[in-house]
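*Asks:* dropping the sequence and predicted coords here.
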Amino acid sequence: MSGQTLHFVAPQDFHQRAKTALGDPKLRASFRGAMDFLQTKRSTQFPDADELEQLRDLGEAIRQHALANLPQLLVQLEERLTAAGVHVHWAETGEEANEIIARIAQQNGARKIIKGKSMASEEIELNHYLGERGIECIESDMGEYIVQMAGEKPSHIVMPAIHKTREDIGTLFEQHIPGTAYSDDVDTLIQTGRRALRTAFAEADIGLSGVNFAAADTGTIWLVENEGNGRLSTTVPDVHIAVMGMEKVVAKLEHIVPLASLLTRSATGQPITTYFNLISGPRRDGELDGPREMHLVLLDNGRTQAYADEQLRSTLQCIRCGACMNHCPVYGRIGGHAYGTTYPGPIGKIISPHLLGLEATADLATASSLCGACGEVCPVRIPIPALLVRLRTEANRNPQEQVAHPLKGQGAKFSRGDRLVWRFWSGAFSHPSVYKLFRWAATRFRVLTPSEQLGWTQHRAPLKPAPRSLADLMREKGQPE
């Protein structure tokens, strides 16, 4: 393994990193191919448009119902889990969550933690925090394992190593796994990684996981995965710690089923993932496997800021499928690392301001053409374009202005000059005589405008030609239709 995983770079440097990514033809080709593949996979899983829209309606209703009753559902979940022998911890900040997990590790004399996939733990930079305290965290998800070995952060919330080629991975394994010869054969690489991780499961003192969904009525934690690492991480070590964003709770176990169907088909184009893990507590008397001690850390870390605002609350509907990223023309050209945040792409643009504040993330909301593709494919109908416009408004709002629910960093991009320009623009379009004068001046001074539009015209992908019809092909061959 490499040294400790690096901290995230500052989101404030987004423009420079995006420029660097656009200048990397290998990265752009890799992401273009990956995004095209994932878009096609998703479309094949939803051949019936009516069924898709009905399922999206159901998913949206389930998530909105859960958010409308969030405080009560969280209390109910705690009661059910506590009755089953689970220790429930509430963490207001990422730092507090890290302290709770470190304390559990110290109480158990732990020196090694094996982790299933958990974006919440990435969000709080748990690996780095524990590493500084002499506790090693090993990622068991293959994609996470690869980027940890490279000393990088995930570039996609579902496929962390999507930016890596098989040649890149072969080189990493040769350098960091003793006795491993270079290979770029995918099956060989997968088997090499699995062999290296098998020992880690047995040696770990604690297993840590994320949470896809939690049912308040039964006190059940639901994990979705394809590799079996989540099941091993939560059953082999004597202690299991689950880290969950507080918005992941739903009212009933049956509500998770349609969400799981939307998640797997939207994320990777699979009708179902290989493993669905339902966890309802530690090992009971007479059971032969499972952890002897279990903890759940409920993480806020800025989520209550989004929850307090009726419009921004819909941000918390997200089920972390990544479909918005896979269809975003910006993410597809610059990749995830350019954003400098745990959650890149469209979902990252709307959730990161609540986690990190608008001072650090104001530029992210402007990295969008507002084409609407993210909103069209969101399985739970999060109105992402509208939320991006709202966040742009908040970033440019006068910081002294009183609002019902101020965002952290409100007014980070406020400019009196910009305010005057927009006031002029509004006035010009509100009065016919002023508008006519503006139009007359604009047509005569057009020579002062740039000769080309930067950004979009320079870096957009060319449109794919429309497929020719059968009738066109037959006419070309001189055959009757």
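*Replies:* Perfect, I can see it now. Residues are numbered from 1 along each chain as shown.
*Asks:* what about the helices in the stretch 1-150 of the chain?
*Replies:* With DSSP state H, counting those that start in this stretch as the criterion, the stretch 1-150 of the chain has helices at 14-22, 25-45, 49-68, 70-83, 94-107, 119-123, 126-131, 142-149.
*Asks:* ok, which of the ones you listed comes nearest Ile256?
*Replies:* helix 49-68 (8.5 Å; CB to CB). Glycine gets a C-beta too; all of them are placed from N, C-alpha and C.
*Asks:* the closest residue in space to Lys41 that isn't next to it in sequence: neighbour count?
*Replies:* Spatially, and ignoring its direct neighbours in sequence, Lys41 is nearest to Gly269 (2.5 Å; CB to CB, 6 or more residues apart in numbering). Other residues lying near Gly269 total 19 when counted by other CB atoms under 10 Å.
*Asks:* kindly report the same for Ala308.
*Replies:* Counted with other CB under 10 Å, Ala308 comes out at 14.
*Asks:* for Leu296, what are its contacts?
*Replies:* Listed by CB atoms under 8 Å, 6 or more residues apart in numbering, the contact partners of Leu296 are Leu81, Val86, His87, Val88, His89, Val211, Ile221, Ile241, Ala242, Met244.
*Asks:* apply 10 Å and report the result again.
*Replies:* 77-78, 81-82, 86-90, 211, 214, 219, 221, 240-244, 279 (CB atoms under 10 Å, 6 or more residues apart in numbering).
*Asks:* what is the three-state secondary structure of it?
*Replies:* At Leu296, secondary structure determined by DSSP: H, G, I helix; E, B strand; the rest coil is strand.
*Asks:* related to what we said a few turns ago, of the helices of the stretch 1-150 of the chain, which is nearest Leu298?
*Replies:* helix 70-83 (6.7 Å).
*Asks:* tell me the angle the closest one makes with helix 49-68.
*Replies:* Interaxial angle of helix 70-83 relative to helix 49-68 (axes from the mean of the first three to the mean of the last three CA atoms, to 10 degrees): 80 degrees.
*Asks:* mind listing what's buried along helix 70-83?
*Replies:* By neighbour count with 16 or more other CB atoms under 10 Å, helix 70-83 contains the buried residues Leu70, Leu73, Leu74, Gln76, Leu77, Glu78, Arg80, Leu81.
*Asks:* using CSV, list the CA coordinates for that helix.
*Replies:* The C-alpha trace of helix 70-83 is given here as CSV (Å, rounded to 0.1, in the frame of the first residue of the first chain):
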residue,chain,number,x,y,z
LEU,A,70,-37.0,12.9,9.4
PRO,A,71,-36.7,13.8,13.1
GLN,A,72,-39.3,11.2,14.2
LEU,A,73,-37.8,8.5,11.9
LEU,A,74,-34.3,9.0,13.2
VAL,A,75,-35.5,8.6,16.8
GLN,A,76,-37.5,5.5,15.9
LEU,A,77,-34.5,4.1,14.1
GLU,A,78,-32.3,4.7,17.2
GLU,A,79,-34.9,3.0,19.4
ARG,A,80,-35.1,-0.1,17.2
LEU,A,81,-31.4,-0.5,16.9
THR,A,82,-30.7,0.1,20.6
ALA,A,83,-33.2,-2.6,21.5
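*Asks:* what mean pLDDT does that helix have?
*Replies:* Throughout helix 70-83, pLDDT has a mean value of 98.
*Asks:* quick one: the strands in this protein?
*Replies:* Assigned by DSSP state E, the strands in the chain fall at 86-91, 112-115, 136-139, 206-209, 213-215, 220-225, 239-245, 249-250, 275-279, 293-299.
*Asks:* end to end, how far does stretch 124-142 reach?
*Replies:* Stretch 124-142 has an end-to-end distance of 20 Å (CA to CA, to the nearest Å).
*Asks:* now swap in stretch 133-141 and tell me
*Replies:* Taking CA to CA as the measure, stretch 133-141 stretches 23 Å from start to finish.
*Asks:* in that stretch, which residues are buried?
*Replies:* Ile135, Glu136, Cys137, Ile138, Glu139, Ser140, Asp141.
*Asks:* ok, stretch 264-274 next?
*Replies:* Neighbour-count burial for stretch 264-274, counted by 16+ other CB under 10 Å, picks out Thr264, Arg265, Ser266, Ala267, Thr268, Gly269, Thr273.
*Asks:* what do you get for stretch 141-151?
*Replies:* Along stretch 141-151, these residues count as buried under the neighbour rule (16+ other CB under 10 Å): Asp141, Met142, Gly143, Glu144, Tyr145, Ile146, Val147, Gln148, Met149, Ala150.
*Asks:* among the residues you listed, which one sits closest to Cys378?
*Replies:* Looking across those and measuring by CB to CB, the closest to Cys378 is Gly143, at 22.6 Å.
*Asks:* state the distance from the closest one to Leu172.
*Replies:* Separation of Gly143 from Leu172 (CB to CB, to the nearest Å): 12 Å.
*Asks:* cool, Glu203 as well?
*Replies:* Applying CB to CB, the value for Glu203 to Leu172 is 22 Å.
*Asks:* more neighbours: these two, which one.
*Replies:* Between Glu203 and Leu172, Leu172 has the larger neighbour count (other CB under 10 Å), namely 22 against 13.
*Asks:* for the nearest residue to that one once chain neighbours are set aside, report the pLDDT, please.
*Replies:* Distance criterion CB to CB, 6+ apart; nearest residue to Leu172, sequence neighbours excluded, is Met149 at 5.2 Å. Note on Met149: pLDDT of 94.
*Asks:* pretty sure Met149 is touching Gly170, no?
*Replies:* No - judged on CB atoms under 10 Å, Met149 makes no contact with Gly170 at a distance of 11.9 Å.
*Asks:* of the buried residues of helix 70-83, which is the nearest to Ile157?
*Replies:* Of the buried residues of helix 70-83, the one sitting nearest to Ile157 (CB to CB) turns out to be Leu70, at 21.9 Å.
*Asks:* where in the stretch 101-250 of the chain is pLDDT low?
*Replies:* Within the stretch 101-250 of the chain, no stretch has pLDDT under 70.
*Asks:* ok, 90 please
*Replies:* Residues of the stretch 101-250 of the chain that meet the criterion pLDDT under 90 lie in 198-199, 202.
*Asks:* ok so, going back, most tightly packed of the strands of the chain?
*Replies:* Most buried of those by mean neighbour count (mean count of other CB atoms under 10 Å) is strand 206-209; its value is a mean of 28.
*Asks:* what lines up beside it in the sheet?
*Replies:* Within its sheet, strand 206-209 is paired with strand 112-115 (parallel), strand 239-245 (parallel), according to DSSP bridges.
*Asks:* roughly how far is that strand from the heart of the chain?
*Replies:* Centroid displacement of strand 206-209 relative to its chain, using CA atoms, centre = their mean, to the nearest Å, is 20 Å.
*Asks:* try stretch 369-380
*Replies:* Relative to the chain's own centre, stretch 369-380 is displaced by 15 Å; criterion: CA atoms, centre = their mean.
*Asks:* how about that stretch: buried residues?
*Replies:* For stretch 369-380, burial by neighbour count (16+ other CB under 10 Å) applies to Ala373, Cys374, Gly375, Val377, Cys378, Pro379, Val380.
*Asks:* next step: the residues you listed restricted to helices.
*Replies:* Those of those mapping onto helices are Ala373, Cys374, Gly375, Val377, per DSSP state H.
*Asks:* could I get these as a markdown table with distance to Gly357?
*Replies:* Listed next are these as a markdown table, based on distance: CB to CB, whole Å:
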| residue | distance to Gly357 |
| --- | --- |
| Ala373 | 27 |
| Cys374 | 22 |
| Gly375 | 24 |
| Val377 | 28 |
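*Asks:* out of these, which is nearest to Val389?
*Replies:* Gly375 (11.5 Å).
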